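Trainee: Quick one: sequence and predicted model below, then my questions.
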Amino acid sequence: MPPIDQLTTYAAANPLGAAIICVSALVALVLAFFALRAAYRAASSGYRKFAENRPAEDILTIVAASIATGVSAQGMWRFSGDVLGFDGPLRLLLFAFIEVAVITSAVRARRNMRENYSAGIDGMAVWVLTGLSAVLSSLDARSLAEAIFRLAAPLVAAWLWERGMAIERHRITGRSRIKWRFTPERAMVRLGLAEVSDRTVTEVDAHRRLTRVALAAKRARALREAGASDRKMRTALAKLDRVMDQAVEHTGLAVDPGRQEALLSQIGALYNTSALIDLRPPVPWEPEPEEPPAPHALPVAGTRAAYIEDDDDDAVTAAPQVVDTAQRAALMRAARQYWDKQIERRFVPRAADIAKETGISLATAREYRALWKLEPRAHALIEAAYNEHGIIDTGTFPAIVVPDGSDSGDHPDRSDRSDHEEPVLSMNGSGSMNGSGPAHTAGV
């Protein structure tokens with residue numbers, strides 16, 4: 001009798017029991033529906049929370065690693081039954097202990113990565129346990145293809161885990177674990193097909209053309225210094241003229257100061273290559289010698305010596321000046337001319353005066369003055385001021401140049417000699433002064 005006929009016969013014979021069974025089945029279906037809906041909602045909520053801040057590649061990595069782990073667990077199931085002889089509940093409890101250990105080590109390694117920025121020993125344990133699981137699974141294989149498959153599945157899972165860890169390591173620390181020596185980028189740069197820097201095509205072309213000009217100029221100069229034949233000189237000069245025309249046409253060399261300075265820098269470096277052999281660079285690990293205190297320009301004079309600070313130095317800007325070579329030479333010539341002119345007037349200028357009159361920085365003026373005051377004429381003036389008045393040269397104090405003969409009223413015969421006698425130095429006007437004589441303020 002078909003099952004449907006049996007059900008109708010049972011319902012006709014036992015209507016009350018059939019009604020109770022129908023109601024119970026309906027209630028069970030309703031409960032199963034609500035249970036499945038709750039489980040679906042919980043799973044959806046959990047998945048959304050899990051995948052909310054994770055990129056798609058991380059989710060796919062976890063899914064693929066789970067599948068590979070399942071394949072490895074299936075191999076261990078067969079191994080535990082065929083080789084170890086486990087059966088029943090014991091087999092169910094013990095077959096996947098290596099996979100559980102792998103998952104535990106992977107979770108610990110990820111925690112170490114987030115806390116200590118390194119997977120540590122747990123990262124090594126993942127690979128060791130994965131290799132052990134792969135070997136044990138392949139031992140129970142029935143063919144070579146199955147053995148290879150059993151070996152590959154756990155290693156694929158470990159590799160996916162390792163890549164996920166590398167991505168997270170780079171996200172946390174901003175760097176990768178290693179730098180490959182052989183990469184497509186390095187190969188392209190080695191072959192000259194790629195640039196290391198972010199220069200544009202125009203900048204690269206301009207740099208190459210300027211380099212050709214500099215090399216051609218060096219070649220022509222070397223031939224001229226070596227006394228080459230006229231034919232070689234004509235060839236070198238023709239090449240220099242040709243590359244120079246190309247540089248002016250394609251790089252804007254005639255109107256671009258930056259390109260002009262770059263060309264001059266290259267030529268300067270190429271022309272002075274031989275100077276490298278005479279360089280004496282400092283030893284980086286040698287301790288710096290202690291600098292002795294700077295000696296006084298003149299011996300200390302007893303009670304008559306006086307040091308007076310000059311407030312005018314504050315008015316001169318000591319900020320470093322950024323000038324080119326030609327401008328620096330012009331400023332040095334102007335400072336030297338000013339110094340010689342003042343020395344002719346028997347006046348030793350201060351560093352502040354040099355800086356103010358010529359426009360150089362105060363620090364540079366002090367360096368020049370420290371060298372120039374050692375010259376015979378300037379040193380004689382400084383020594384005369386010390387011997388006669390006890391004035392010590394500090395490079396800052398004021399002094400007055402006056403003609404001798406302030407008491408000409410008491411000694412008339414001295415007034416006739418006042419025009420041809422040498423002036424003397426006095427500090428702050430403390431020396432004798434002639435009412436009609438000129439007074440010049442300066443710094444010795």
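Mentor: Nice, I can see it. Everything numeric here is computed off the predicted structure, so don't read it as measured data.

Trainee: Just want the most central residue of this structure.
Mentor: By C-alpha atoms, centre = their mean, the chain has its centre lying nearest to residue 197, at 14.2 Å.

Trainee: roughly how far apart are that one and residue 211?
Mentor: Residue 197 is 15 Å from residue 211, where distance means C-beta to C-beta, to the nearest Å. To be clear about C-beta, it is placed using only N, CA and C from the backbone, and glycine gets the same treatment.

Trainee: Ramachandran angles for the residue nearest to the centre of the chain?
Mentor: In terms of degrees, to the nearest 10, the main-chain angles of residue 197 are phi -90, psi -180.

Trainee: The closest residue to residue 271 other than its chain neighbours: what's it in contact with?
Mentor: Take residue 271 and drop its neighbours on the chain: the residue closest to it by C-beta to C-beta, 6 or more residues apart in numbering is residue 218, 6.7 Å away. The contact partners of residue 218, by C-beta atoms under 8 Å, 6 or more residues apart in numbering, come to 267, 270, 271.

Trainee: so where's the protein shaky on pLDDT?
Mentor: Where the chain drops to pLDDT under 70, the residues are 1-3, 50-54, 174-178, 288-324, 389-444.

Trainee: can you map out the strands along the stretch 251-400 of the chain?
Mentor: Residue ranges of the strands in the stretch 251-400 of the chain, as given by DSSP state E, counting those that start in this stretch, are 398-402.

Trainee: Tell me where it has helices.
Mentor: Here the stretch 251-400 of the chain has its helices, by DSSP state H, counting those that start in this stretch, at 257-271, 325-344, 351-358, 362-372, 376-389.

Trainee: Quick check: which helices or strands does the longest one pack against?
Mentor: For helix 325-344, the packing partners by 3 or more C-beta pairs under 8 Å, 6 or more residues apart in numbering; DSSP states H and E come out as helix 351-358, helix 362-372, helix 376-389.

Trainee: repeat that for 7 Å
Mentor: Contact analysis of helix 325-344 by 3 or more C-beta pairs under 7 Å, 6 or more residues apart in numbering; DSSP states H and E lists helix 351-358, helix 362-372 as its packing neighbours.

Trainee: Can you redo the ones you listed as TSV, where the extra columns are mean neighbour count and distance to residue 73?
Mentor: Shown next, in TSV, are the helices and strands packed on helix 325-344 (neighbours: other C-beta atoms under 10 Å; distance: least, C-beta to C-beta, whole Å):
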stretch	mean neighbour count	distance to residue 73
helix 351-358	22	85
helix 362-372	18	78
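
Trainee: List just the one of the ones you listed that sits closest to residue 333.
Mentor: Set against residue 333 and scored by C-beta to C-beta, these come closest in helix 351-358, at 9.2 Å.

Trainee: so residue 243 makes contact with residue 212?
Mentor: Yes: using C-beta atoms under 7 Å, residue 243 makes contact with residue 212 at a distance of 4.5 Å.

Trainee: so where does the residue nearest to residue 271 fall, helix or strand?
Mentor: According to DSSP states H and E, residue 218 maps onto helix 201-225.

Trainee: Buried residues in that helix, which are they?
Mentor: 206, 209-220, 223 (16 or more other C-beta atoms under 10 Å).

Trainee: what's the answer for stretch 24-33, then?
Mentor: In stretch 24-33, counting by 16+ other C-beta under 10 Å, buried: nothing.

Trainee: remind me, longest helix of the chain?
Mentor: Identified as the longest helix of the chain according to DSSP state H is helix 15-51.

Trainee: Centre of the chain to it, how far?
Mentor: Here helix 15-51 shows a centroid-to-chain-centroid distance of 63 Å under the convention C-alpha atoms, centre = their mean, to the nearest Å.

Trainee: And the helix or strand that that helix is followed by, what's buried?
Mentor: Once the chain leaves helix 15-51, the next helix or strand it forms, by DSSP H and E, is helix 56-82. For helix 56-82, a neighbour-count test (16+ other C-beta under 10 Å) marks 58, 61-62, 65, 68-69, 71-73, 75-77, 79-80 as buried.

Trainee: in terms of contact count, name the helices or strands touching helix 56-82.
Mentor: With contacts taken as 3+ C-beta pairs under 7 Å, 6+ apart, helix 56-82 sits against helix 89-94, helix 97-116, helix 120-139, helix 144-173.

Trainee: what angle separates that helix from helix 144-173?
Mentor: Angle of helix 56-82 versus helix 144-173, following axes from the mean of the first three to the mean of the last three C-alpha atoms, to 10 degrees, is 140 degrees.

Trainee: Please identify which of the buried residues of helix 56-82 is nearest to residue 340.
Mentor: In terms of C-beta to C-beta, no member of the buried residues of helix 56-82 lies closer to residue 340 than residue 58, at 79.1 Å.

Trainee: Which one of the buried residues of helix 201-225 is nearest to residue 366?
Mentor: Residue 366 lies nearest to residue 214 out of these, by C-beta to C-beta, at 37.7 Å.

Trainee: ok, back up a step: residue 33: which of the helices and strands packed on helix 325-344 is closest?
Mentor: Shortest distance between residue 33 and those, using C-beta to C-beta, is found for helix 362-372: 90.1 Å.

Trainee: circling back: quick check: the farthest pair among the buried residues of helix 201-225?
Mentor: The distance between the two most remote of those (C-beta to C-beta) is 26.5 Å, for 206 and 223.

Trainee: I'd like the distance between residue 192 and residue 208.
Mentor: 11 Å.

Trainee: ugh, typo on my part, it should be residue 333
Mentor: Counting by C-beta to C-beta - residue 333 and residue 208 are separated by 38 Å.

Trainee: likewise residue 91?
Mentor: From residue 91 over to residue 208 the distance is 74 Å, taken as C-beta to C-beta.

Trainee: Could you check how far stretch 116-130 is from the centre of its chain?
Mentor: Relative to the chain's own centre, stretch 116-130 is displaced by 33 Å; criterion: C-alpha atoms, centre = their mean.

Trainee: Sorry, slip of the keys, the one I care about is stretch 80-87.
Mentor: 62 Å.

Trainee: Quick one: end-to-end distance for that stretch.
Mentor: 8 Å (C-alpha to C-alpha, to the nearest Å).

Trainee: Please apply the same query to stretch 136-143.
Mentor: Stretch 136-143 has an end-to-end distance of 14 Å (C-alpha to C-alpha).

Trainee: And the contacts of that stretch?
Mentor: With contact meaning C-beta atoms under 7 Å, 6 or more residues apart in numbering, stretch 136-143 is reached by 72, 75, 76, 78, 79, 82, 83, 147, 150, 151.

Trainee: Same check on stretch 224-233?
Mentor: Stretch 224-233 has contacts (C-beta under 7 Å, 6+ apart) with residue 223.

Trainee: ok, now stretch 193-205?
Mentor: Residues outside stretch 193-205 that contact it (C-beta under 7 Å, 6+ apart): 185, 188, 189, 250.

Trainee: Any chance of the residues you listed in TSV with distance to residue 342, secondary structure and neighbour count as columns?
Mentor: Shown next, in TSV, are these (distance: C-beta to C-beta, whole Å; DSSP: H, G, I helix; E, B strand; the rest coil; neighbours: other C-beta atoms under 10 Å):
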residue	distance to residue 342	secondary structure	neighbour count
185	64	helix	10
188	65	helix	12
189	60	helix	13
250	53	helix	12
